[in-house]
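> Test case, fold it:
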Amino acid sequence: MNYLTPQRRRALAARYVAGTLRGRARRRFDALLPAHPSLAAEVAVLERTLHPLDAAQGAEAPPARVWRGVEERLGWRDKTATLLGRWGFAAGGFACALMLMLLASPLLAPEVVPTPLVVLENAGGTPMLVVSHSAQTGKLYAGRLRRDAATPGGRVLELWALPKSGAPRSLGVIGDADQPLAGREAELAGATGLAVSVEPEGGAPHGQPTGPIVYTGALDHI
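Presented below is the predicted three-dimensional model:
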């Protein structure tokens, strides 16, 4: 099975993050993640997108029907008395999972869950950033895959498109993952790769990289 097609990659990542990918399939997906940066990037984008929903939910004590279900499974309560309650709990869990899947759908939330475009690596080959795009809006996004993909105080990371010929084109300073970059998808036309440089606050002062290039990635197509 080809796990690297965009459709298959997004479907598996959405089920993985939503918690509906279970058993042997989930264990196989866990084993694939270290060897496939594109899968890890898809998961990272979805997790960053859905995390605010999770964080917004406060602690809540399990309802009484959950404890009744536990007692029935242990043989402490008559099964018939709790069957209806247990089905209600299962239906509620399915509804929550379905909501997460809908939020992860590119048809319903094209800007919220952009499609990973390329993973940028450091000189040692470690994935550091993922650049994504929204086919519907043309916006570009950049998200950090590692905490050490940050910069010292007073400096910023700036993303560049590298054309086959000519000077690099700035795509903007990298900020929060949910904020689009200043550049847009159209500016990637003719580019063969992306690069990230370390620049002063506000970005390169003269429109060209001035600091060291820290991350790079090949750009095949959109």
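> can we go C-alpha only for contacts and neighbour counts from here?
Will do.
> where does E47 land on pLDDT?
You'll see E47 listed with a pLDDT of 78.
> actually R15, sorry about that
On the pLDDT scale, R15 gets 80.
> Next, it: phi, psi?
phi -70, psi -40 (degrees, to the nearest 10).
> Give me the phi and psi for the spatially most central residue of the chain.
In the chain, the residue lying closest to the centroid (Cα atoms, centre = their mean) is V45, at 0.9 Å. Main-chain torsions, V45, degrees, to the nearest 10: phi -60, psi -40.
> now the helices for this protein?
All helices of the chain, identified by DSSP state H, fall at 6-18, 23-32, 37-55, 64-73, 79-103.
> Lowest average confidence across these, which one?
Minimum mean pLDDT among the helices of the chain: helix 79-103, a mean of 49.
> And the protein, what are its domain boundaries?
1-109, 115-218 (automatic domain parsing).
> Quick check: the gap between the residue nearest to the centre of the chain and A13.
Distance, V45 to A13, using Cα to Cα, to the nearest Å: 9 Å.
> returning to that earlier point: and the domains of the chain, which is most packed in?
Among the domains of the chain, domain 115-218 has the highest mean neighbour count (mean count of other Cα atoms under 10 Å), at a mean of 18.
> mind checking the end-to-end distance for that one?
16 Å.
> ok, now stretch 186-203?
First residue to last in stretch 186-203 (Cα to Cα) measures 21 Å.
> How far off centre is that stretch?
Its chain's C-alpha centre and that of stretch 186-203 lie 20 Å apart, by Cα atoms, centre = their mean, to the nearest Å.
> And stretch 22-33, by the same measure?
With Cα atoms, centre = their mean, you get 18 Å for stretch 22-33.
> And stretch 172-181, by the same measure?
14 Å.
> Give me the residues contacting that stretch.
48-49, 112, 139-144, 156-160, 171, 182-183, 202-203 (Cα atoms under 8 Å, 6 or more residues apart in numbering).
> List the contacts of the nearest residue to S170 once chain neighbours are set aside.
Closest residue to S170 apart from its sequence neighbours, by Cα to Cα, 6 or more residues apart in numbering: W160 at 4.5 Å. Going by Cα under 8 Å, 6+ apart, W160 touches P168, R169, S170, L171, G172, L194, A195, V196, S197.
> 10 Å - rerun?
167-173, 183, 187-188, 191, 193-197, 208-209, 213, 216 (Cα atoms under 10 Å, 6 or more residues apart in numbering).
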